[in-house]
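> Model the following, please.
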Amino acid sequence: MAEAPRVVVTGLGCVSGLGQGVEATWGRLARGEGAIAPVSRSYGDHPALCFQGPAAAVGPMELSKLEARLGARALANLDPLSTFAATAAYEALEHAGLLDHASLATRTAILFGAGSGGNATFEEAFSRIYDRKLGSVHPLTIPKSMVSAPAAQLSMLFGVRGLTFSLSSACASSAHAIGEGMHMIRAGRCDVALVGGGEACLTLGSWLGWAALRAMTRATCRPFSLGRMGVVLGEGAAMLVLESEAHAEARGALVLAEMAGMGAASDAHHLTAPNADGAAAAIRAAHEDAGLALDAPALVSSHGTGTVLNDKSEAQAMRAVYGEAMAGKTVIATKSAHGHLIGGGGALEFLIGILALRYGLAPPVLNWIGPDPACDVPLALQPTPLACEALVSNSFAFGGLNAVLVARVPGVGL
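As a prediction, the model looks like this:
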């Protein structure tokens with residue numbers, strides 16, 4: 001049986017509360033800056049239809065490149081989720097040198113992860129029905145709001161005619177998309193995979209849903225810290241270009257990292273409560289798939305939501321897997337800077353982890369106010385120099401759906 005091809009990362013793109021683009025994102029992270037700030041939004045003339053609190057919202061976006069390709073009218077008919085996806089994907093493909101490349105038409109796949117579809121589009125439809133009593137909704141309500149809309153839009157935007165679909169596994173969605181894209185290349189089903197995910201959940205209905213779950217904090221996101229009180233919502237998207245090593249070499253592409261492995265597991269335990277055993281199983285499986293020893297020095301990009309239960313469970317899982325080798329890890333928790341992108345979180349955090357290894361610097365965990373003995377892991381509490389080549393990126397979702405990604409970055413300097 002032929003050896004599976006190595007899979008490499010050749011392009012990165014992102015948008016979040018930290019900014020639009022890889023350069024802007026990394027600059028703020030490296031300086032220890034966060035995007036979490038008070039947000040207040042109201043709808044119509046009803047004072048009850050409003051929400052306010054801490055969030056990491058995407059600011060004004062530069063869309064001229066997309067408008068030149070799609071047209072302003074086409075962009076006007078996209079839900080924010082698809083706009084985020086298209087913006088990140090354009091940057092990733094441009095970064096990889098693959099815009100309009102012949103391989104996009106036949107040997108490229110798209111896998112996009114999102115926890116939900118077009119929240120803003122749904123909300124507008126409900127407003128028309130229940131508030132304005134219009135008795136009808138916009139004719140593009142379904143095409144704009146379906147969870148597969150971003151993947152379909154990317155296919156049309158970039159001329160990708162290969163296998164294209166969306167994955168939805170709550171907060172692990174985009175991590176699953178990245179891992180499955182890797183497996184498709186390994187299996188020879190494509191040469192290139194445009195992978196990642198996003199979320200656009202800063203809407204009234206979504207906000208009230210998270211508030212009703214009592215998962216949100218009214219302060220800020222404090223991963224693994226004493227006094228942590230819950231999630232801070234973020235929005236945006238992150239996309240990566242994966243290629244077989246042979247395909248990347250044949251076109252002279254700059255290799256940013258090796259996509260080395262993935263581990264996945266399901267807790268089979270509870271819809272919302274985490275289970276450390278399931279998370280630990282996914283971490284072990286990722287190390288095995290990547291051929292990375294458990295005692296190898298590594299940067300660990302944690303799921304780190306800032307909730308009491310999740311952080312405790314994740315710390316327990318990491319200590320169970322690594323034991324004394326935990327001391328050789330550096331743990332980051334970037335939701336403290338960009339909030340929780342739900343389905344898009346895994347992709348953004350994996351992308352940031354690759355940047356951290358390439359620049360040799362772990363961005364600091366923000367908002368930490370003191371140690372919690374239940375969360376005793378080696379956190380980077382200030383910008384921390386890195387001397388390791390491996391990244392382990394954790395995504396642990398509602399429903400007990402776990403995905404862990406491993407990358408190797410043997411050199412530095414973008």
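> can you pull the contacts of V160?
L104, A105, T108, A109, I110, L154, L194 (CB atoms under 8 Å, 6 or more residues apart in numbering). From N, CA and C alone the C-beta is placed, and that goes for glycine too.
> Between those, identify the one with the most neighbours.
Most neighbours among the contacts of V160, by other CB atoms under 10 Å: L194, with 33 neighbours.
> mind listing the helices for the stretch 51-200 of the chain?
Counting by DSSP state H, counting those that start in this stretch, one finds helices in the stretch 51-200 of the chain at the ranges 64-70, 72-76, 80-96, 103-106, 119-126, 141-145, 149-158, 173-186.
> next one: the stretch 201-350 of the chain
204-212, 245-250, 276-290, 308-322, 335-338, 345-359.
> Nearest to P378, out of the ones you listed?
Proximity to P378 (CB to CB) singles out helix 308-322 among those, at 9.7 Å.
> tilt between that closest one and helix 276-290?
50 degrees (axes from the mean of the first three to the mean of the last three CA atoms, to 10 degrees).
> What is the distance between helix 308-322 and the centre of its chain?
Distance, stretch centre to chain centre, for helix 308-322: 20 Å (CA atoms, centre = their mean, to the nearest Å).
> tell me which residues of that helix are tucked away?
310-322 (16 or more other CB atoms under 10 Å).
> re the thing from before, quick one: closest of the helices of the stretch 51-200 of the chain to K329.
Once the helices of the stretch 51-200 of the chain are compared by CB to CB, helix 173-186 is nearest, at 18.6 Å.
> tell me the angle of that closest one relative to helix 345-359?
Using the same axes, to 10 degrees: helix 173-186 against helix 345-359 is 70 degrees.
> between the helices of the stretch 201-350 of the chain, which gets nearest to E91?
Using CB to CB and comparing those, the one that lies nearest E91 is helix 345-359, at 10.7 Å.
> Just checking: what are the partner strands of whichever helix or strand comes after the closest one?
Sequence-wise, the next helix or strand downstream of helix 345-359 (DSSP states H and E) is strand 361-362. Strands adjacent to strand 361-362 in the sheet, as given by DSSP bridges, are strand 384-385 (antiparallel).
> average pLDDT for the partner strand?
Strand 384-385 comes out with an average pLDDT of 97.
> so where's the stretch 251-400 of the chain uncertain?
The stretch 251-400 of the chain contains no residues with pLDDT under 70.
> what do you get if the cut-off is 90, keeping everything else the same?
Applying pLDDT under 90 to the stretch 251-400 of the chain flags residues 267, 271-274, 398, 400.
> Out of the helices of the stretch 51-200 of the chain, flag the one nearest V300.
V300 sits nearest to helix 173-186 of all those, at 13.9 Å, using CB to CB.
> Pairing-wise in the sheet, spell out the partners of T384.
Bridge pairing for T384 - DSSP bridges - gives A362.
> Please give me every residue in contact with it.
Contacts for T384 (CB under 8 Å, 6+ apart) come out as T330, L361, A362, P364.
> Top of these by number of neighbours, please.
A362 (28 neighbours).
> show me the contacts for D376.
Listed by CB under 8 Å, 6+ apart, the contact set of D376 reads A315, R319.
> Got phi/psi on it?
phi -80, psi 90 (degrees, to the nearest 10).
> What is the neighbour count of M61?
M61: 15 neighbours (other CB under 10 Å).
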